[in-house]
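>>> Quick check, what structure comes out for this input:
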Amino acid sequence: MKARRSLLAALVVMSLVLLGVPRVGLAADLPSDVVGTKYEEAVRLLSGIGVMKGYNDLTFRPEAPVKRSEMAKILVYSLGLGGVGEASMGKTGYKDVSEDSWASGYVNVADTKGLIKGVGNDLFAPDRSVSYAEAATMLIRLLGRESEVAGSFPTGQIALAVRWGLTQDTAFMGDQPARRGDIALMVYKALYEIPDRTGKTLASTVFGFGRAARIEVTPATGSIAVGQTVQFQAVAYDAGGKAVAITPSWSVGGSLGIVDKTGVFIATGPGTGKITASAEGLTATADLTVYGTPVKLSVTASQTTMPSNNSSTSVLTATMLDANGNKVANGRGKITFTVIDASLGHMDASVIDAVDGVATATFTSTTIPGIEQIYVSGSNVQGASVTISTTSP
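Numbers count the residues shown, from 1 in each chain. Just a heads-up that it's a prediction; the model follows:
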């Protein structure tokens, strides 16, 4: 038995290290016999994390009793150790649970964890129904709060379960076989509503519900001028996609500026970098561009090769850039478009007011083919040019 306990302990460690906390999702299809009932939400969540699922015929059978072997599996999955249970299939310490039984691994883990005990004489009684009082006792053990039981079995366990609200909305009758629907309600409450001995819920510590699993920073990108500010916000979501509260710390890469504890960034120098929010061991970033004053222009053409047919057009876009080549998004000023060989084409306008650092104009070809060069220029900025080839149609 000692060797088996050591093996199970090793498997638990391997499961946590190699697999990490399991990702949690909600069941896409609920069993038809719980939809619209008091069991629906509990079954939805428990099914999503693999603790209790429906049958192959798409039913849950909420009125069916729960066997002790089934309860062992439920408890093992409730600790996030389903994989360990599967890997622990084999010889057990009970004469009535064979090593090739589907439940042997779960019985081994549940026994080692002290969640379920045998019935005496080296018997487990895997096919015997679990009573409501026994189920309450097992869930108290699952939460590690057995020391709070006052009195002998089953009176003390039932009293504690009632005080916690574990039996609420169930047909709880201490010595009667527990129904699957009621077990789902009780397990749901034990995982999501009742804290374990550490003061946290198993839904949080094992499955990540209510605990930040990822962070998003908004806005995801930003482009501002030196001297401007922008408010960044960090939102955290748990494994189920529900927003949870966090208090992030903020940092900024490079010498772009400073960010305070509330996420307000003040730009002090041009360049590109990232704003980082960190909380609970998680990080998320936003891309940031801080631009300075415009010192040069760039120009692109929508068409660099076009027919010389007196009607083909190409849209030219001139962009104001700072010394680092970043677009100056608040750039203003007049941009001049100059055609070198007017016989090859003409602009619809030669002087355009830049808006948000951009000015556009349209070049139209003539009937004469050739190589056209168009220059863009502005006040106190370095100009640029683009070449357009016009060919005979």
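>>> buried ones in stretch 136-150?
The neighbour-count check on stretch 136-150 (16 or more other C-beta atoms under 10 Å) flags 136, 137, 138, 139, 140, 141, 142, 143, 145, 149 as buried. For the C-beta atoms, the positions are set from N, CA and C on the backbone; glycine is no exception.
>>> Confirm the first one sits in a strand?
Yep, that's residue 136 we're talking about. No. When DSSP: H, G, I helix; E, B strand; the rest coil is applied, residue 136 is found to be helix, with no strand at that position.
>>> which residue packs closest to the residue of the chain most remote from its centre, ignoring adjacent ones?
Distance from the C-alpha centroid of the chain peaks at residue 343, with 60.0 Å (C-alpha atoms, centre = their mean). By the measure of C-beta to C-beta, 6 or more residues apart in numbering, the closest residue to residue 343 outside its immediate chain neighbours is residue 368, 5.3 Å from it.
>>> Over to residue 306?
With C-beta to C-beta, 6+ apart as the criterion, residue 306 has its nearest non-adjacent residue at 4.2 Å, and that residue is residue 312.
>>> swap in residue 117?
In this structure, residue 117 finds its nearest non-sequential neighbour in residue 111, 7.5 Å apart by C-beta to C-beta, 6+ apart.
>>> low-scoring stretches of the stretch 151-300 of the chain, by residue?
Applying pLDDT under 70 to the stretch 151-300 of the chain flags no residue at all.
>>> can you give me the helices for it?
155-164, 180-192, 202-205 (DSSP state H, counting those that start in this stretch).
>>> Can you tell me which of these is most buried?
helix 180-192 (a mean of 24; mean count of other C-beta atoms under 10 Å).
>>> Now do that one: distance to the chain's middle.
25 Å (C-alpha atoms, centre = their mean, to the nearest Å).
>>> For that helix, C-alpha coordinates in PDB please.
Output of helix 180-192 as PDB, limited to C-alpha atoms (Å, rounded to 0.1, in the frame of the first residue of the first chain):
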ATOM      1  CA  ARG A 180     -27.500  12.000  -9.800                       C
ATOM      2  CA  GLY A 181     -29.300  15.400 -10.100                       C
ATOM      3  CA  ASP A 182     -28.900  16.100  -6.400                       C
ATOM      4  CA  ILE A 183     -25.200  15.000  -6.400                       C
ATOM      5  CA  ALA A 184     -24.700  17.400  -9.300                       C
ATOM      6  CA  LEU A 185     -26.100  20.200  -7.100                       C
ATOM      7  CA  MET A 186     -24.100  19.200  -4.100                       C
ATOM      8  CA  VAL A 187     -20.800  18.900  -6.000                       C
ATOM      9  CA  TYR A 188     -21.500  22.200  -7.800                       C
ATOM     10  CA  LYS A 189     -21.900  23.900  -4.400                       C
ATOM     11  CA  ALA A 190     -18.800  22.200  -3.000                       C
ATOM     12  CA  LEU A 191     -16.700  23.400  -5.900                       C
ATOM     13  CA  TYR A 192     -18.100  26.900  -6.600                       C
END
